[in-house]
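Colleague: I need the structure of the sequence given here:
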Amino acid sequence: MFSKPAAPVEPAPAVMRDVSPVPLSVLELDLSAPPLGWNFYLAGRGVEITLDDIGRAAISRADARQLLDEHREAEARNREVMERREQQFIQQDQLRRASLPSGIPAGMVPDGMTGAETMILAGEKRRPRSVHEQLLEKELSHTEPELIYQSFGPDEG
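Modeller: Modelled structure (predicted):
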């Protein structure tokens, strides 16, 4: 089946580096155009816009490579931020779920009561008070109960 020896592989010819400029229309395949346009954006960065051999606006390959590298780095940073946000949302959800009442075992329901009635009674004893309830209780504990009558009608003298 393989009676013939493989033909020797010749090395690939040396590839010449392409130094032609990159047209902005080609660059837009990978990068979206800036809001104010390429001319304004690239002028602000000090990048020279030239015309390629068929008259399209183009920039040097080094400048295009730098723009693509910056774009990749920005995407990587955005991915990291999104991953951190997702982890925060997961932690918040886990904390919220842990704070939900867990219910009561079926064996704790006394005769003559429903499970809901037992959970309501048990929940009132075990439920942690919110910060709002704690502050309200604190404020109300310092005041003396009193009745104040204020008449809003005509003076009855």
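
Colleague: List the buried residues of the longest helix anywhere in the chain.
Modeller: Across the chain, the longest stretch assigned as helix under DSSP state H is helix 61-99. Applying a neighbour-count criterion of 16 or more other Cβ atoms under 10 Å, one finds 63-64, 67 buried in helix 61-99. No exception for glycine: its C-beta is placed from N, CA and C like everyone else's.

Colleague: For it, what does the pLDDT average out to?
Modeller: Across helix 61-99, pLDDT averages out at 93.

Colleague: sorry, back to before: rebuild the buried residues of helix 61-99 as a markdown table, extending it with distance to residue 109.
Modeller: Shown next, in a markdown table, are the buried residues of helix 61-99 (distance: Cβ to Cβ, whole Å):
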| residue | distance to residue 109 |
| --- | --- |
| 63 | 75 |
| 64 | 73 |
| 67 | 68 |
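
Colleague: which one of these is nearest residue 79?
Modeller: Residue 79 has its nearest neighbour among the buried residues of helix 61-99 in residue 67, at 18.9 Å by Cβ to Cβ.

Colleague: List the residues that contact the closest one.
Modeller: With contacts defined as Cβ atoms under 8 Å, 6 or more residues apart in numbering, the neighbours of residue 67 are 27, 31.

Colleague: make it 7 Å
Modeller: Contacts for residue 67 (Cβ atoms under 7 Å, 6 or more residues apart in numbering) come out as residue 31.

Colleague: And it, how close does it get to residue 23?
Modeller: Noted for residue 67: a distance of 13 Å to residue 23, by Cβ to Cβ, to the nearest Å.
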